[in-house]
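# model this:
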Amino acid sequence: MSGAAGTSGTPDGPDERPNSPDSPGTSQAPEAPGAPGAPGAPGAPEASGAAGRPARTQQAVRWLASAAADPRACREEWERNPYGVALLPAGRLWDLLVVQGSWGRTTLEVLAGCLDRPGPVLADFGGLRVGFFVPTGTAESWVGTGVRCVGAGGWVVTPYPGRQTGGAYWLVPPDGSGLLTRPAALELAMQEAAARLGERRAPRR
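Numbering: from 1, shown residues only. Next comes the predicted model:
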């Protein structure tokens, strides 16, 4: 994607480290019907593990928490925080690319149509922004307009996988395998999504 280089650091939205991790957000926005990872999306039932939690959810929790300097403290924060979120550092296991909501959701539609499963995807309070988990180093090298890049030194407000929260929520939850969206595939999907949105907004003659 051509244009000015995306900014890195701690931008607005799901990638921003808030002044107070417990600051209230808006009410929980519903997951997109039928989107990958959304409740009710097609998929085989998962085997349950400890405490009746699906095995994949447990794997996802372990994977996400491993990005924290203290994984146990991360798990405790998920349980203690009234909004069910924890702050995790970008740049260790993944970077985050954040785009405006409608562009992000359309990009996810494109990715879902060409990949078996994209990497984890977050939406912030109210779904105004969508964040794609990508390999580390992507935030530093990404070139493109309209994309906020969160890498080393940035923080991500991350909900507990598989739970309803009062703020940020998963459009595609992590599966614990470490799967991330490839930057090249994401760039192509963003371009296609931008074209689709342009067609929808073009005046009819």
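# what about the helices in the protein?
55-65, 71-80, 101-114, 138-141, 183-201 (DSSP state H).
# adding mean pLDDT, distance to residue 165 and mean neighbour count, write those helices out as CSV.
For the C-beta atoms, the positions are set from N, CA and C on the backbone; glycine is no exception. Formatted as CSV, these follow (pLDDT from 0 to 100; distance: least, C-beta to C-beta, whole Å; neighbours: other C-beta atoms under 10 Å):
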stretch, mean pLDDT, distance to residue 165, mean neighbour count
helix 55-65, 93, 13, 19
helix 71-80, 96, 9, 15
helix 101-114, 96, 17, 19
helix 138-141, 97, 24, 20
helix 183-201, 93, 25, 16
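# closest one to residue 177 among these?
Residue 177 sits nearest to helix 55-65 of all the helices of the chain, at 7.3 Å, using C-beta to C-beta.
# distance of the residue lying closest to residue 110 once chain neighbours are set aside relative to residue 112?
Of all residues beyond its chain neighbours, the one nearest residue 110 is residue 189 (4.1 Å), with distances taken as C-beta to C-beta, 6 or more residues apart in numbering. From residue 189 over to residue 112 the distance is 9 Å, taken as C-beta to C-beta, to the nearest Å.
# check residue 156 too.
The gap separating residue 156 from residue 112 is 22 Å, by C-beta to C-beta.
# do residue 184 as well
Counting by C-beta to C-beta, the gap from residue 184 to residue 112 is 17 Å.
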